[in-house]
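Novice: Just need the structure, nothing else, for what follows:
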Amino acid sequence: MPGVSQAEIVQRLHQRVDNVRNICILAHVDHGKTSLSDTLISSNGIISNRLAGQIRYLDNRPDEQQRQITMKSSSIALLYMKKGEQQGEKGVAHLINVIDSPGHVDFSAEVSAAVRVSDGALVLIDAVEGLCIQTTAVLRQAWSERVRPCLVINKIDRLITELQCEPQEAYRTIENIIGQVNALVSTFVTQERMEKGNDEDTEDQFQGFRWSREGFNDDPENFFSPERNNVIFCSAIDGFAFTIGTFATFFAKRLGMSENALQKCLWGDFTFSKKEKKVYRISKQHKGSPMFVQFILETLWKIYDCFRIHPDQEKKEQVVKSLNLSVPVHELRNRDDRFALKSVFIRWIPLADNVLHTVCNQCCSPKEAQKLRLETFFPKPVPEVSLSDISDIWKEKFSKFPPGRLDDIEQVEEKVAECDKDSETAENVAFVVKVLRIPRIEMPESRDDALRTITKPKLLSREERARLNAERIARNTKDEAEEEEETVSTKSAMELSATIENHQDNDSSRSTSNTLESSESKPPSAAADAQSSNTEVVREQTKDVAVEESANQSVLGGRRRRKINWDDLTDDAEDPSTVTTTVYFTATASTSASTHTQST
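Specialist: Prediction:
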């Protein structure tokens, strides 16, 4: 559409309410929701087909990309050109708003908000893991919000590559999954009928069925049925998806059968006789594999065998030729077998086209969905309200409500049901999709007036407390810095003390050795005199050390005490080298070690 911007196209499509679909993707964690949304986005050229399933486009938060898990619901608008039902019929443009929701139970609030603003849903189930706890929870939410869902059996490729199942075994596995989901939906229907007191013999057998749609023959006991085209079989990572209707169109011409008749036989206990070219119900007389296995699963198994399990270039080319596809040679001969396989599926049974086509056919438009869901979220008219019946908290608020406004709710309800937003009488309605649960004790009306009212003196007192707190933190930081400096100074002073003691011990040992040599050469009287003189020398040296310590006190900037054991310095000491000195340091200033050494 030349000369028209994308925003204008979207705006024009929003005016056509019947061509708008609002859907959300629901599933258990790691069942392939984000990979499916990537493939749908690639259909609009936003990302490459090759990167679909790996780039996780809607996980736009860094922590989501890092953990490889969706935490917040994200939405995107996609343009889809629906093909005409008959040949030569022009396609119709549809605007599809897709919401990718989290699958982890911790983010269930995001799922509830996504369901509430949607008119349809895609419920994904892993073909290997089957029905899980969170799948049950999202189905129940879709039921309570009257959101009509489509079932998507994802990761069909795991049955082939990982479990290596045979086609017949895979068919039974898929059949069991669909049966479990229908049994779950049946419990929802039964529970609601019991709550409403409906009898099973009532004339309206579908009364209480929330997903019923006008023009659709829905069965509450067997809602999800492949022959009704509300079950999609796909592999988001390999880029293919199909319904029974997809293959009914594909094989109808080849078999010479009616498309509607073939669609009813492709699922269930029906087998096809190649000799007679007829369809029979499986029995003792007519044995064989179901047609779903014969025409669909066996074909998929052959493709995976020649592309992934036992790669063979000749068989690849034969498969492409038999399917009448046009695949570029460089893609078909790519070293990445998964890329070559994806290239074939995109041209044969593309995921985006088949999924979006099913959404357009099965899910309701906003105008149709509003009529079904209106009673779940629109308030009921309250024509008579007595203020005596309302709590004192809301009396003042309710008394200010414009008179006669309560009587207009019915008119607003009609406008909302018709999706009327262009007429002059259209009303603006705010729809709250998420409400946080807060304990009543934490509500403002439950607190004391003194706590709820913030006056100027209280505000100033808060500022004063904040200022004092900041000063206290700064003071503590400063004290810590001073303590760290004191620790460094004490360590330096201890190193200086050790140097002084070593110097003193060396001088004492030299003087003692000289004294002993002189005493050996002199008579006893002379030796006694020498010993006394030696004691005097040691005392003089000790006094000199004390003088040096007092001089160094100014260098260290602190206080230093020296304790000398004078009792050991007696005249009758046998060995002057045994003199003991003890030094105590209480330094408070930091000085470099070079200054200490120079002073010493």
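Novice: From now on I want contacts and neighbour counts done on CA atoms only, so please keep to that.
Specialist: Will do.
Novice: show me where the stretch 151-300 of the chain has strands.
Specialist: Using DSSP state E, counting those that start in this stretch, the strands of the stretch 151-300 of the chain run over residues 231-235, 240-242, 270-273, 278-281.
Novice: where in the stretch 501-600 of the chain is pLDDT low?
Specialist: In the predicted model of the stretch 501-600 of the chain, residues 503-600 satisfy pLDDT under 70.
Novice: Reformat the strands of the stretch 151-300 of the chain as JSON lines; add mean pLDDT.
Specialist: Formatted as JSON lines, these follow (pLDDT from 0 to 100):
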{"stretch": "strand 231-235", "mean pLDDT": "96"}
{"stretch": "strand 240-242", "mean pLDDT": "95"}
{"stretch": "strand 270-273", "mean pLDDT": "90"}
{"stretch": "strand 278-281", "mean pLDDT": "88"}
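Novice: Asp238 - nearest residue in space that isn't next to it in sequence?
Specialist: Nearest residue to Asp238, sequence neighbours excluded (C-alpha to C-alpha, 6 or more residues apart in numbering): Lys342, at 5.2 Å.
Novice: in stretch 339-350, what's buried?
Specialist: For stretch 339-350, burial by neighbour count (16 or more other C-alpha atoms under 10 Å) applies to Phe339, Ala340, Leu341, Lys342, Ser343, Val344, Phe345, Ile346, Arg347, Trp348, Ile349, Pro350.
Novice: scratch that, stretch 360-373 is what I was asking about
Specialist: Cys360, Gln362, Cys363, Cys364, Ser365, Pro366, Lys367, Glu368, Ala369, Gln370, Leu372, Arg373.
Novice: quick one: contacts for the third one?
Specialist: Just to be clear, that refers to Cys363. Applying C-alpha atoms under 8 Å, 6 or more residues apart in numbering to Cys363 gives the contacts Arg21, Asp119, Gly120, Ala121, Arg148, Pro149, Cys150.
Novice: For it, give its distance to Arg213.
Specialist: Noted for Cys363: a distance of 9 Å to Arg213, by C-alpha to C-alpha, to the nearest Å.
Novice: go on, the first one?
Specialist: Applying C-alpha to C-alpha, one obtains 14 Å for the distance of Cys360 from Arg213.
Novice: that older thread, quick one: mark the members of the buried residues of stretch 360-373 that sit in helices.
Specialist: Mapping the buried residues of stretch 360-373 onto helices (DSSP state H) picks out Cys360, Gln362, Pro366, Lys367, Glu368, Ala369, Gln370, Leu372, Arg373.
Novice: and the first one, what does it touch?
Specialist: It refers to Cys360. Taking C-alpha under 8 Å, 6+ apart, one finds Arg21, Lys82, His94 in contact with Cys360.
Novice: in its sheet, what does the one helix or strand the last one maps to sit against?
Specialist: Secondary-structure assignment from DSSP states H and E places His94 in strand 92-100. For strand 92-100, sheet partners with direction are given as strand 20-27 (parallel), strand 74-82 (antiparallel), following DSSP bridges.
Novice: returning to that earlier point: highest neighbour count among the contacts of Cys360?
Specialist: Arg21 (27 neighbours; other C-alpha atoms under 10 Å).
Novice: who's that residue bridged to?
Specialist: Under the criterion used here (DSSP bridges), Arg21 is bridged to Ile96.
Novice: these two touch, right, it and Pro366?
Specialist: Yes. If you go by C-alpha atoms under 8 Å, Arg21 and Pro366 touch, sitting 6.8 Å apart.
Novice: what's the overlap in contacts for these two?
Specialist: Here Arg21 and Pro366 have Asp119 as joint contacts, going by C-alpha under 8 Å, 6+ apart.
Novice: before we move on, the earlier item: now pLDDT and secondary structure too, for the buried residues of stretch 339-350, in JSON lines please.
Specialist: As requested, the buried residues of stretch 339-350 are arranged in JSON lines below (pLDDT from 0 to 100; DSSP: H, G, I helix; E, B strand; the rest coil):
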{"residue": "Phe339", "pLDDT": "91", "secondary structure": "helix"}
{"residue": "Ala340", "pLDDT": "92", "secondary structure": "helix"}
{"residue": "Leu341", "pLDDT": "93", "secondary structure": "helix"}
{"residue": "Lys342", "pLDDT": "92", "secondary structure": "helix"}
{"residue": "Ser343", "pLDDT": "92", "secondary structure": "helix"}
{"residue": "Val344", "pLDDT": "94", "secondary structure": "helix"}
{"residue": "Phe345", "pLDDT": "94", "secondary structure": "helix"}
{"residue": "Ile346", "pLDDT": "93", "secondary structure": "helix"}
{"residue": "Arg347", "pLDDT": "93", "secondary structure": "helix"}
{"residue": "Trp348", "pLDDT": "93", "secondary structure": "helix"}
{"residue": "Ile349", "pLDDT": "94", "secondary structure": "coil"}
{"residue": "Pro350", "pLDDT": "94", "secondary structure": "strand"}
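Novice: Any stretches of the chain with poor pLDDT?
Specialist: The model of the chain has pLDDT under 70 over residues 1-4, 84-89, 197-209, 214-217, 378-410, 421-426, 444-462, 503-600.
Novice: What segments of the stretch 101-250 of the chain are helices?
Specialist: Assigned by DSSP state H, counting those that start in this stretch, the stretch 101-250 of the chain shows helices spanning 108-116, 133-144, 156-161, 167-196, 244-255.
Novice: Point out the other elements, helices or strands, that the last one touches.
Specialist: Using 3 or more C-alpha pairs under 8 Å, 6 or more residues apart in numbering; DSSP states H and E as the contact definition, the elements that helix 244-255 packs against are helix 259-265.
Novice: Dump the helix it packs on to PDB, keeping only the CA atoms.
Specialist: Extracted C-alpha coordinates of helix 259-265, given in PDB (Å, rounded to 0.1, in the frame of the first residue of the first chain):
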ATOM      1  CA  GLU A 259     -12.700 -32.000   1.400                       C
ATOM      2  CA  ASN A 260     -15.400 -32.100   4.100                       C
ATOM      3  CA  ALA A 261     -15.800 -35.800   4.000                       C
ATOM      4  CA  LEU A 262     -12.000 -36.400   4.200                       C
ATOM      5  CA  GLN A 263     -11.700 -34.000   7.100                       C
ATOM      6  CA  LYS A 264     -14.100 -36.100   9.200                       C
ATOM      7  CA  CYS A 265     -12.100 -39.200   8.400                       C
END
